[in-house]
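> need a structure here:
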Amino acid sequence: MKRRSWLLLPFALLPLGLAQALSPARPSVSAAVAARGMTVLDTRSSAEFNGWPAAGQRRGGHWPGAINLPAAWLDGLTDAALAALLSAKGVEPTASIALVGEHSAALAARLAALGYPRLTRFDDALADPTRLQALPNYRALVPASWLQDLIAGRPVHAAPSGPWQVFEVDWGAPKAYLLGHVPGAGHIDTNAVESEPLWNVIDPAALRAWIVAQGIRADTTVILYGRTTMAAARVAQILMTAGVADVRLLDGGWAAWRAAGGASQIGLPPKPTPAQEFGGRARPELTVTLEQAQQIQRSGQGRLVSIRSWPEFIGATSGYSYIDAKGDIPGAAWGHGGIDAQSLSDFHNPDGTMRAANEIAAFWRAAGIEPGQRIAFYCGTGWRAAEAFFYAHVMGWTNIAVFDGGWLEWSLDPARPRVSGERAWRR
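Next up, the predicted model:
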């Protein structure tokens, strides 16, 4: 970002709002927030916000009700983009804003320049870790720095309790992988675990045999990433259904790894050493079949949640060249998606990491999607649904599954009900 000339002015000559923004950090955030109804902006990384401890700390998390806006995003955001992001997060220029985190001064300067005059920086909001809230399963979504330390053999928080493996996941031959991948990572082609023509997961016996052939046991910690996170999430959900107990995703995937300075290794995938046995029990409740989806749709006992773009959901497009039918399942809730069938941008931060859980929960809540329900996520063929499933898992939602066949399988029979157009419940 180009440096602004007014930042070079003496402090006494700065505008009042900016002088306050750049003033030394002040204490007593708990009293101030309670008394003044302030909006708390947390300028730390999304990983720390979710629950990962910063260096030298024993626990991470965020101030209750805080909004995550990492200062690290600022260089990549124009003023217009930053203003739009603040608006999307419900932060208006009239708000009284409490800024917390070690890089709060940088965000304060940008906000003051955008016309946010009511800014106060605090230094004690994160001092008492017992007051911080962490996502229940934040350990399942690992930051690039954690994976770097793990590979380097350095001590890490929430270390795997046993053997671990890293895999890059993609569809088809490992073209991108060959040109550069996380050092030591294997490669998984999703064709190995999905089958045409529906692209549903292969049968349990074949899946178990494939897993063992990769050297994976039920007690192996499997860390997955991709050039697109939804590919890695698809395999993550399949492995969880098969019974692998500790499956993790690299938050932000390959792009986050490279942005964090992660090394790149070229060459063919390592040849796996097959495991002697799997040693675990499958969790079939994490995947919903067509028949089970129909039962949910007919009975209303649970929610089918469409993780598709809005044009797909209302029937303006099928989203895929190989799916003719347009529309969606009657009674299904729209769980958001992205700009098209290859995007899940509604769930991502500007840097491609998982959007803050409270923001995801808010748009789900607006659609009547609640954590106490039996939830079956679906999309066209399973990739986007699997990523939404995994984020719900990170958020601590337990009664969740992926409807494997999704819109492709549902729409093959014209006798199955379908609906198009905007629904009244959308808010």
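> residue nearest the centroid of the protein?
Met354 (2.7 Å; CA atoms, centre = their mean).
> surely it touches Ala392?
No - between Met354 and Ala392 there is no contact under CB atoms under 8 Å: 10.9 Å. Where you see a C-beta, it was placed from the backbone N, CA and C, and this is true even at glycine.
> per-residue confidence at Ala366?
Looking at Ala366, its pLDDT stands at 94.
> mean pLDDT per helix and strand in this protein: which one sits at the bottom?
helix 16-22 (a mean of 42; mean pLDDT, DSSP states H and E).
> mind listing what the residue nearest to the centre of the chain touches?
Ser46, Asn50, Leu141, Asp251, Phe347, His348, Tyr391, Val394 (CB atoms under 8 Å, 6 or more residues apart in numbering).
> inside helices: which ones of those residues?
Ser46, Asn50, Tyr391, Val394 (DSSP state H).
> so how far is Gly51 from the last one?
The one in question is Val394. 9 Å (CB to CB, to the nearest Å).
> what residues are shared contacts of the two?
Shared contacts of Val394 and Gly51, counting by CB under 8 Å, 6+ apart, come down to Leu135, Tyr138.
> how about the residue nearest to the centre of the chain, phi and psi?
Per-residue torsions, Met354: phi -60, psi 130 (degrees, to the nearest 10).
> checking the spatially closest residue to Pro174 that is not a sequence neighbour next. Helix, strand or coil?
Distances taken as CB to CB, 6 or more residues apart in numbering place His187 nearest to Pro174, at 4.5 Å, with adjacent residues excluded. Using DSSP: H, G, I helix; E, B strand; the rest coil, the structure places His187 in strand.
> I'd assumed Ala362 was in contact with His336.
No - applying CB under 8 Å, one finds His336 not in contact with Ala362, separated by 10.6 Å.
> with neighbour numbers in mind, choose between these two.
Between His336 and Ala362, His336 has the larger neighbour count (other CB atoms under 10 Å), namely 25 against 12.
> list the contacts of the more buried one.
With CB under 8 Å, 6+ apart, His336 has these contacts: Ile307, Asp346, Phe347, Phe363, Trp364.
> from those, which would you call buried?
Ile307, Asp346, Phe347, Phe363, Trp364 (16 or more other CB atoms under 10 Å).
> spatially, what comes nearest to the third one if we skip its sequence neighbours?
Nearest non-adjacent residue to Phe347, counting by CB to CB, 6+ apart: Arg355, 5.2 Å away.
> thought the one you found was touching Asn349?
Yes - assessed by CB under 8 Å, Arg355 is found in contact with Asn349 at 5.5 Å.
> low-confidence stretches in this protein?
1-36, 123-125, 424-427 (pLDDT under 70).
> one step back: tabulate the ones in helices among the contacts of Met354 (CSV), appending neighbour count.
Listed next are these as CSV, based on neighbours: other CB atoms under 10 Å:
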residue, neighbour count
Ser46, 25
Asn50, 26
Tyr391, 25
Val394, 23
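> ramachandran angles for Ala275?
When read as degrees, to the nearest 10, the backbone of Ala275 gives phi -80, psi 150.
> the nearest residue to Ser318 once chain neighbours are set aside: how many residues sit nearby?
Ranked by CB to CB, 6+ apart and with sequence neighbours excluded, the top spatial neighbour of Ser318 is Lys326, at 4.9 Å. Neighbourhood size, Lys326 [other CB under 10 Å]: 17.
> and Val288, how far from Ser345?
Applying CB to CB, the value for Val288 to Ser345 is 25 Å.
> many thanks, I have nothing further to ask.
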